[in-house]
Structures are given as structure tokens and as C-alpha cells.
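*Asks:* Here is my input, please return the structure:
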Amino acid sequence: MLCLKPRIGLILLLFLAFAGSSHAEIDEKRQFQLDSISTNIPKESKQNLDEVHAFLHKNGHTDEERVWLFYGYIATHFKYDQKRKSDKDAPIFSPEYTAQRRSGVCRDFSKVFLVLCQRSNIPCLEVSGKVTLPFWEVIGKWLRRESNVFNHVWNVVKINDTWMLMDPTWSYVTATQRIKHYDAKKKTSTTVLIKTPARTYYNPDPVFMMKDHTPVHPAFLLLSDSIPTYKTARKKEKHQKFYCTNYHFGDTIDAIYGTQYPLFSKTYYRGCMGYSKVTAMYNNYEYELSLPVQKAGKYNQPTLEQYDNALLRAKELTAYIRSETGVNYSSRLKLFEEELGKKRTKLAKKLETEEKAKKKKAPKTASTK
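*Replies:* Just a heads-up that it's a prediction; the model follows:
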């Protein structure tokens, strides 16, 4: 999937920061403190998503502060993988492996953000859609024969009973400061590095967001009045055509979020088909199935139990999709079973060999007469 990470001039950035986003609930002093926290994650924990989450969750006192930290963590510690962006056969990475690499594309960043929110019990969903691409990017996709129906993934998150838009991919470090800190007890001074990320796409105004982001499901526009059509949403208002009016996006997103598998639910599927005729469902399904068979991060090595649970979940998900939407992915499930079976057999043999080696090394007990 092609995902765009923009480069914006400083003057334009400052304008957009005020025009497009709103995050006034956290005062300026606390924002600075939180940026310092997300910058200075302990070195030994930076590549371990479990430890990163524990650190950020502990230092954020509210859900809003935690979301601020999660967004800042991705913006300040991750690099955009330009090579994978244009590779249509690029491997799928788990959130844990992405955290280890600290590099990825939009799906990687949105998934890391999603997982961090989930672990803090903060409602969050991924949003598939289309963003405005430069002309040369469109030509590149055409030459590679890639679909341009949807080309980006971002998030919505619920804070204080309000759904907000977030695009952690479209952020980067805008300023770096070095602050001297004096320890009165030790009588020593240390320099603390603080990075400030761009937050143009942190809780932006939905109308501003719509200028370059169009979700495949209308609820994720976060608009209550007139909903423009999928094809005209990013056009100037005078050129827009309208899909519907008086749309209750909050109730719809709540209904989607409340299902067992939100992005495979009947509510989500029907909304996508009625609005954009694009569900991104197969891409999401492929992602879910690919995770257990891709390269594991060094902090999250697979176990036999995890492989067994992954197969059960894949079967459950496939059955759920068929019952909700009528779409049958059984042929893809069969391929997944075969691939996962090979991985499981290989791991079982490895564990058996290690167990035999341990027994050989174990000291022999003296025999009793």
C-alpha cells in the first residue's frame, strides 16, 4: 500500500497547526512536559512495545495525556520507510516488530497507535481511505499497476466521549530543544533533549481533515451535517456533490466499535458499500492472517500456544465475515492453515531438539544400591 508522508514548509506548518487542529484541554506547560516524556523513553525500552506502553501509560495521568504521548512517541522515534512505500509486495510487520525497527509505513504506524490505545482501554479504530497524492506518486502507482482506490490508513480515537481524528503518519519533529537540568542533591547538571512533533493532524477539525483525507466509510469523516460523496469530498465546496445530510457519525462509529470484529462487521461493510463501494476488507483480512506467519520481533517470540490460538482466531474471523457480509474467504484460510502449520511444525521440532540438548547437559544423579 502506498502511503504519503508530507513535507511541509515551516510557515505553512505554523498556519496549519492553528487552522487545522485543536488540543487545548492540555495546557502548554503540560504539553511541553509530555513531549519531554515521549522523547526520553528509557533507552533499554525504546524497541520493546510492551515496555514503551507501560512507561507512557504510567506517565500519562488521563486518557487524553496518554493519547498525546502515544502520538508523540510515533512522531519522534519512528522514520518513514520510503523503500517499503513503493513496494507492493512489501512484508507485513507486527506492531511489536515495527516498534523494534522504529520504521514503517502508514499501516504500521496506525497499528502501533491502535495497540497502544487498546492496551490503555482507550477506544480506537483504524480508518482506511484515500489521501491526495502528488502527481508523480499517482503516475508511479499507475506504472506499478497498483490500485489507487484507497492508499492510506489513519485512526479515530474516543476521548471524553468524543471521537477524534488522528494521523500519526503525517507527523514529524518540528523542533528540538536541549534543556539543562540541575540536581540539587547530587549537585550535577544534565542536558535533557526535548523533541516537539507536528500536531497538525492530531485531533484536526474534520472539515480541515477532509481536504486531503477521505475515508471509505462516511462515519469516519466525523461530520454531522452534509456528507460529500466519496469522489468529491476532497474537492472545493462548490464542486462537491452530497451523499446525505443529518448524519449521526458518533452513533455509527459506536455501533461499529461495539462489534466483535469492527472492520469486518455488517454495519461497517454496508456503510462502505453504500458510500465508496470500497471496504478494504480483504486488505484488513490479509493483514490479520499475515501477522502470525511473519518475522517475529526479538521481544515477542512465538509459542506453540500462540500459533494454535492464531489458527482458531483466523477460523473464527473467517466465519464471522461470512455471516456478517456473505463474503467467503475459505480458500485464503486454507492457505493460511498450511503456512501456519509449517511454522508450527518447525517450532515444535526446534523445541524438541532444545529439550533433548538440555537433558544431555543435565548432571546425572548417582544410582542408589
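
*Asks:* in this structure, which spans are strands?
*Replies:* Residue ranges of the strands in the chain, as given by DSSP state E, are 79-80, 103-104, 124-131, 152-159, 162-166, 173-183, 188-197, 213-215, 227-228, 242-244.

*Asks:* do you know which of the ones you listed lies nearest D89?
*Replies:* Taking Cβ to Cβ, strand 103-104 is the member of the strands of the chain nearest to D89, at 15.9 Å. Heads up, the C-betas are built off the backbone N, CA and C, glycines and all.

*Asks:* what sits up against the closest one?
*Replies:* Outside strand 103-104, the residues that touch it by Cβ atoms under 8 Å, 6 or more residues apart in numbering are F78, K79, Y80, D81, R84, F93, T98, V112.

*Asks:* For ChimeraX, write the selection for the buried entries among those.
*Replies:* Typed into ChimeraX, the line below selects the buried ones among those, using 16 or more other Cβ atoms under 10 Å:
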select :78,80,81,84,93,98,112
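
*Asks:* With respect to I194, which of the contacts of strand 103-104 is nearest?
*Replies:* Of all the contacts of strand 103-104, F78 has the smallest distance to I194: 17.3 Å, by Cβ to Cβ.

*Asks:* residues contacting the closest one?
*Replies:* Going by Cβ under 8 Å, 6+ apart, F78 touches T98, R102, S103, G104, F109, V112.

*Asks:* any idea how far it is from T188?
*Replies:* Separation of F78 from T188 (Cβ to Cβ, to the nearest Å) stands at 32 Å.

*Asks:* ditto for L222
*Replies:* 49 Å.

*Asks:* So between those two, which is more surrounded?
*Replies:* Ranked by neighbour count (other Cβ atoms under 10 Å), L222 and T188 place L222 first, with 23 against 9.

*Asks:* If I look at the more buried one, what pLDDT would I see?
*Replies:* Per-residue pLDDT puts L222 at 97.

*Asks:* can you tell me how far the spatially closest residue to it that is not a sequence neighbour sits from Y268?
*Replies:* Beyond its immediate neighbours in the sequence, the residue positioned closest to L222 (Cβ to Cβ, 6 or more residues apart in numbering) is P206, lying 4.1 Å away. Going from P206 to Y268 by Cβ to Cβ gives 19 Å.

*Asks:* just the helices in the stretch 151-300 of the chain please.
*Replies:* For the stretch 151-300 of the chain, the helices defined by DSSP state H, counting those that start in this stretch cover 206-210, 249-257, 266-275, 281-290.

*Asks:* Show the average pLDDT along the shortest one.
*Replies:* The reference is to helix 206-210. 95.

*Asks:* Also the last one?
*Replies:* For helix 281-290, the mean pLDDT works out to 92.

*Asks:* Out of P206 and Y268, name the residue with the larger neighbour count.
*Replies:* Y268 (29 against 17).

*Asks:* and that one, what does it touch?
*Replies:* Contacts were defined as Cβ under 8 Å, 6+ apart; by that measure Y268 touches H217, I256, T259, P262, T279.

*Asks:* As CSV, these with distance to Y307 and neighbour count would be great.
*Replies:* Shown next, in CSV, are the contacts of Y268 (distance: Cβ to Cβ, whole Å; neighbours: other Cβ atoms under 10 Å):
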residue, distance to Y307, neighbour count
H217, 33, 29
I256, 30, 21
T259, 26, 15
P262, 25, 16
T279, 28, 23
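
*Asks:* out of those, what pair is the most spread apart?
*Replies:* The span of those, defined through Cβ to Cβ, is set by T259 and T279 at 14.4 Å.

*Asks:* what residue ranges in the stretch 1-150 of the chain score low on pLDDT?
*Replies:* Judged by pLDDT under 70, the stretch 1-150 of the chain has its weakly predicted residues at 1-24, 133-149.

*Asks:* farthest-separated two in the contacts of strand 103-104?
*Replies:* Farthest apart among the contacts of strand 103-104 - using Cβ to Cβ - are R84 and V112, which lie 14.7 Å from each other.

*Asks:* And the average pLDDT for stretch 163-172 is what?
*Replies:* For stretch 163-172, the mean per-residue pLDDT is 96.
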